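**Student:** Need the 3D shape of this:
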Amino acid sequence: MQYFVDQVISGIAVGAIYGLVAMGFSVIYKATGLLNFAQGEMSMVTAYVAWSLASVVPGNVWLVVGGSLAASLLLGLVIERVVMRPMLGEPVFATVMVTIALSVILRSVIQLIWDPYPHALDLGVGRDVVQIGQTGIRTGQIAVMATLLAVTGGVWLFFRYSRVGKAMRAVASDERAAQLMGISAARIHAVAWMGSSMIAGIAGVFFALIYNVSPSLYHVGLKAFPATILGGLDSVLGSGFSGVFLGVAENLAGGYLAPTMKEIIGFVIIIAVLMIRPFGLFGQRDIERV
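**Tutor:** Next comes the predicted model:
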């Protein structure tokens, strides 16, 4: 029984990271109708920036976190302005291929600027172990669970009550009608890319803090993508909660069935969901036309 509890708690922690990345996927899709296959690489870039800042100003947690998240916002803005905005009006397939090319470029840039070796992100916090009953859990794992809840609540409030959030929902619903009402679709797309990049950056920093930072960190995007499908491409909140489910499912499958099942269970879930409910558990039915 204790083994089961350990697997579930550690699955919730890694699932919170998947949930954050999955929310980033969904934010982009909700605003632009596109899948950003460079989401994991954007997490990785932010994690490397955090590691570099931690090397320059060791022990200054707030400066490292604030600087890395500012870098993630800048990264999202640059990608939208330089790479994605020229693709407005182009076929969706071509635009998605651009994000795939972007993912490969970012992976190469990481190794050009930094190196191919794993590194620990030492912020002086997050690695202490807290005992909850007979289960030991790192403070960083507790923090990422709380952060997922906070980001989920913040995103819900943003889409529900802010003018920009309402404008983003309008653009997602009918971009042409939104433009006729005076909403700048280009500006909304920029906000979506920046927001998505920041959420991905938060996930990247937590992953580096709890585990390590390395060029293989981009895999977190591949692992989180099934959570987006499960929750619904157009459901930001559903994607977040589905990430937690996926993390627990991964741990239980790897712990009770076979270690290799941990790597494939998410994609088994993708196949099952697409066959039974293509628009996801929380998505809108019209997602079937995409």
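
**Student:** How about the residue in the protein that sits furthest from its center?
**Tutor:** In the chain, the residue that sits farthest from the middle, by Cα atoms, centre = their mean, is Leu180; the gap is 31.9 Å.

**Student:** Mind pulling up the pLDDT for that one?
**Tutor:** Predicted confidence (pLDDT) at Leu180: the value is 73.

**Student:** Would you quantify the distance from it to Glu90?
**Tutor:** Going from Leu180 to Glu90 by Cβ to Cβ, to the nearest Å gives 22 Å. For every residue, glycine as well, the C-beta is placed using N, CA and C.

**Student:** Quick check: closest non-adjacent residue to Val96.
**Tutor:** Leu35 (5.7 Å; Cβ to Cβ, 6 or more residues apart in numbering).

**Student:** For the one you found, list the residues it contacts.
**Tutor:** Contact analysis of Leu35 by Cβ atoms under 8 Å, 6 or more residues apart in numbering lists Phe25, Ile28, Tyr29, Val96, Thr99, Leu233.

**Student:** Count the residues that sit near Val155.
**Tutor:** By the criterion of other Cβ atoms under 10 Å, Val155 has 19 neighbours.

**Student:** Thought Ser235 was touching it, still the case?
**Tutor:** No: the pair Val155 and Ser235 does not pass the contact test of Cβ atoms under 8 Å, sitting 10.8 Å apart.

**Student:** Which SSE is immediately downstream of the helix or strand where Val171 lies?
**Tutor:** Using DSSP states H and E, Val171 falls within helix 163-173. Of the helices and strands lying after helix 163-173 in sequence (DSSP H and E), the nearest is helix 175-180.

**Student:** Quick one: residues in contact with that following helix.
**Tutor:** Ala167, Ala170, Val171, Ala185, Ile188.

**Student:** Count the neighbours of the residue lying closest to the second one once chain neighbours are set aside for me.
**Tutor:** So that's Ala170. Nearest residue to Ala170 in three dimensions, chain neighbours excluded: Ala178, at 4.2 Å (Cβ to Cβ, 6+ apart). By other Cβ under 10 Å, 19 other residues sit near Ala178.

**Student:** ok, now Thr147?
**Tutor:** 18.

**Student:** ok, back up a step: okay, the residue farthest from the centre of the chain and Val45: tell me how far apart.
**Tutor:** Leu180 is 37 Å from Val45, where distance means Cβ to Cβ.

**Student:** next one: Phe245
**Tutor:** In terms of Cβ to Cβ, Phe245 sits 27 Å off from Val45.

**Student:** What separation is there between the most centrally placed residue in the chain and Gly133?
**Tutor:** In the chain, the C-alpha nearest the mean C-alpha coordinate belongs to Val21, at 1.1 Å (Cα atoms, centre = their mean). Going from Val21 to Gly133 by Cβ to Cβ gives 29 Å.

**Student:** just Ala227 next, same as before
**Tutor:** 28 Å.

**Student:** And those two? Which one has more around it.
**Tutor:** A count of neighbours by other Cβ under 10 Å puts Ala227 above the other of Ala227 and Gly133, at 32 against 8.
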